[in-house]
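Asks: Kindly generate the corresponding structure for this input.
(chains A and B)
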Amino acid sequence: MTPMRLTAAATLLALAVAACGGTTKSSVTSAPAPAPAASSAAAKADPNAPLKEGLKLAFLPKQINNPYETIVDNAGIEAAKEFKGEAKEVGPSDASASSQISYINTLTQQGHDAILIAANDANAVCGPLQQARAKGIKIVSYDSDAAPECRDLFINQASSEEVGRSQVRLLADLIGRKGEIAILSATANATNQNTWITYMKDELTKPDYKDMKLVKVAYGDDDDQKSFTETQGLLQAYPNLKGIISPTTVGVSAAARYISGSKYKGRITLTGLGTPNQMRQFVKDGTVEKFALWNPKDLGYLASYAAAALVSGQITGAQGETFKAGKLGERTIGANGEVILGPPFTFDAANIDQFDF
Amino acid sequence: MTRVLRWDVLVGALLVAVFATGSLTVPGFATTGNLSFALGDLGEIALIALAMTLLVVAAEVDLSVASVLGLSSALVGALWDGGLAIETIIPLVVLVGAVCGLVNGLLVTRLGLPSLAVTIGTLALYRGLAYVVLGDQAVAQFPPAYTALAVGDVPGTPVPYPVALFVLLAAVTGVVLHATGFGRALYAIGAQEQAAFFAGIRVKRIKLLLFVLSGTVAAFAGVVFTLRYGSARADNGLGVELAVIAAVLLGGVDFDGGKGTLGGVIAGVLLIGLLRNLLMLGDVSTEIQSIVTGLLLIVSVLTPRLVSVVRPALKGTP
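Replies: This next block holds a predicted model:
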């Protein structure tokens, strides 16, 4: 029978190849890392160069119609007007790893001066970003980093370490440093969430938190419905759960919505990273006491200025270079080409009405 | 229908029209870099569409292809992470794809179940297995020599390797479908299965073979997809089955079987891909892009039916 013969042949082939070895993970990772892109290394920064006018910037968010990304991008587009540039936002309707690729190609063809990207998958976007850079386009990642060798700068919303540790501190204070806790994250390979979670786990190893136990990291994939059901699942699976940290705006609001309408309201403490508009009703009805975030408008604003400074030659992306980011003042480039926005801000019933985003 | 009015010829003409419009009005469209990318971006869909054409001509369908692609991608990631050589992983994963196809084929031919129902089931099943294999992880850092094969161009040309492979396989498929007894058998099965059976065609065996082929090609497309993006994930290729079937239908293959040409399907794949690329370059929003593709598909299914109703009426034949 033909399919059987085919199967047998393929098996033989596989075994034959296996026997003579080949390219394995260890043989690849032991090879020397490729040299960084020559363009950024060769260029020289001129801190006094004026910001060029008429720059064309493009924001490529994880997905369009995500309220948080819209705020960031719109603030960036507004900022571009301050230095007489034009900016736009384009992006895919789903946040899958592959969906940003064709947009990167499109923006490259359209000849933008800089692409600002919130990467869905740090590695999947790498190849096309390298092609864009080969054409002289500057790449600034924001919100979620691309692999460092594929971008010029990463605008970090807050020091990852500080976000991770402060989330644990926030929850610990709310639950009296005792009991089982869980994390409701975005996708399993969301770069920023994973870094924060690493620091959360590290913070939890301190003696201060010896009575707190992380029982589960769940993934709501930044999908409202999935985050909602994941919350439900967590609460059913762990009846002794005292607190949930959801370091994603989609996750924390979906979790709050579930808890506010369930028997767990008042028995479970929820905190995380959310926007005031999404969380307002849950803070007012007592489901959530405190949550944190940076100012997403400032993030977009800073990203826009950083891109302009790169294109204008004020900075090249090297550690220690400084540039002036409009009303936010001067910023310094840290290790790995990262620029940090500032410490996270805590929202509660007393201050939430001062914010509208 | 006369040759000029055949749907696949119309799709070909539409493709030329879209290409011409794009070249003249949208800057950056008709550049080697852009077209090379746009073609490369269609690689997996085009490969799977070849096998899907054969299935649909024989009045069957395989909706599980994107899940097989995802399972293959997840396996590549898990095995690579486990330290296996990529040269071992690729044939193994393709073999798993063949087995997935075999399961589909056996359920359809031995148990007599409709392929639509069977493959909706295995669509969920194989995607579920993909998540079992790799969970929500992503595996990256594949050997540059292999990722270069997936994204690189054939030396001296702007043609990406997967596209070159597609051209080769398309030529073989075209000959098999349109110039061999096996190809005619597929049309016979699709047009009238029972008549084909009584004419001595081994209907079940041929269908089984087609499903195995479909699974094999989908798994291989999963390998290409993984290397091209440099990221193995269980959710890779989510929804690709719809893009493939859209291209096949747009190319004029009748969903009831027995009709259609491979040339039409290739034109359909290119039309969907180039149109999307053009709309993106023109800054048309994602929502409008899906509306345009959706409408095009409806028109493609509707037009031949309308023509077949209207024509005899005009001629006055019953």
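
Asks: C-alpha only now, for contacts and for neighbours.
Replies: Will do.

Asks: how far away is B:Leu296 from chain A?
Replies: Counting by Cα to the nearest Cα, to the nearest Å, the separation of B:Leu296 from chain A is 20 Å.

Asks: How about B:Leu177?
Replies: Here B:Leu177 is placed at a distance of 18 Å from chain A (Cα to the nearest Cα).

Asks: so where's chain A shaky on pLDDT?
Replies: Confidence mapping of chain A against pLDDT under 70 gives the ranges A:1-21, A:28-43.

Asks: What ranges does it have for its helices?
Replies: Counting by DSSP state H, the segments of chain A that form helices are A:2-19, A:25-29, A:38-42, A:67-82, A:101-109, A:126-134, A:160-175, A:191-204, A:224-237, A:249-260, A:276-284, A:296-311.

Asks: neighbouring contacts of the last one?
Replies: Just to be clear, that refers to helix A:296-311. By Cα atoms under 8 Å, 6 or more residues apart in numbering or on different chains, the surrounding residues in contact with helix A:296-311 are A:51-52, A:55, A:57, A:68, A:71-80, A:113-114, A:116, A:138-140, A:142, A:155, A:157, A:315-317, A:323-326, A:328, A:341.

Asks: If any of these are buried, put those into a PyMOL selection.
Replies: Applying 16 or more other Cα atoms under 10 Å in any protein chain shown to the contacts of helix A:296-311, the buried members can be selected in PyMOL as follows:
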select buried, chain A and resi 51+55+57+68+71+72+73+74+75+76+77+78+79+80+113+114+116+138+139+140+142+155+157+315+316+317+323+324+325+341
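
Asks: thinking again about what came up before, go through the helices of chain A and name the closest to A:Ala350.
Replies: Evaluated over the helices of chain A, closeness to A:Ala350 peaks at helix A:276-284, with 9.8 Å, by Cα to Cα.

Asks: Flag every buried residue along that closest one.
Replies: Of all the residues in helix A:276-284, those buried under the rule 16+ other Cα under 10 Å are A:Pro276, A:Gln278, A:Met279, A:Arg280, A:Gln281, A:Phe282, A:Val283.

Asks: The first one reaches A:Phe347, doesn't it?
Replies: Think A:Pro276. Yes: between A:Pro276 and A:Phe347 there is a contact at 7.4 Å, judged by Cα atoms under 8 Å.

Asks: Just the pLDDT at the closest residue to chain A within the stretch 151-300 of chain B, thanks.
Replies: With Cα to the nearest Cα as the measure, the residue in the stretch 151-300 of chain B that lies nearest chain A is B:Tyr229; the distance is 4.6 Å. The confidence metric pLDDT takes the value 90 at B:Tyr229.

Asks: Ok, B:Leu42 next?
Replies: pLDDT at B:Leu42 comes out at 92.

Asks: all strands in the stretch 51-200 of chain B, in order from the N-terminus.
Replies: With strands called from DSSP state E, counting those that start in this stretch, the stretch 51-200 of chain B shows them at B:138-139.

Asks: how close does the closest residue to B:Leu84 other than its chain neighbours sit to B:Glu87?
Replies: Computed as Cα to Cα, 6 or more residues apart in numbering or on different chains, the closest residue to B:Leu84 that is not its neighbour in sequence is A:Thr24, at 5.6 Å. Between A:Thr24 and B:Glu87 the distance, using Cα to Cα, to the nearest Å, works out to 9 Å.
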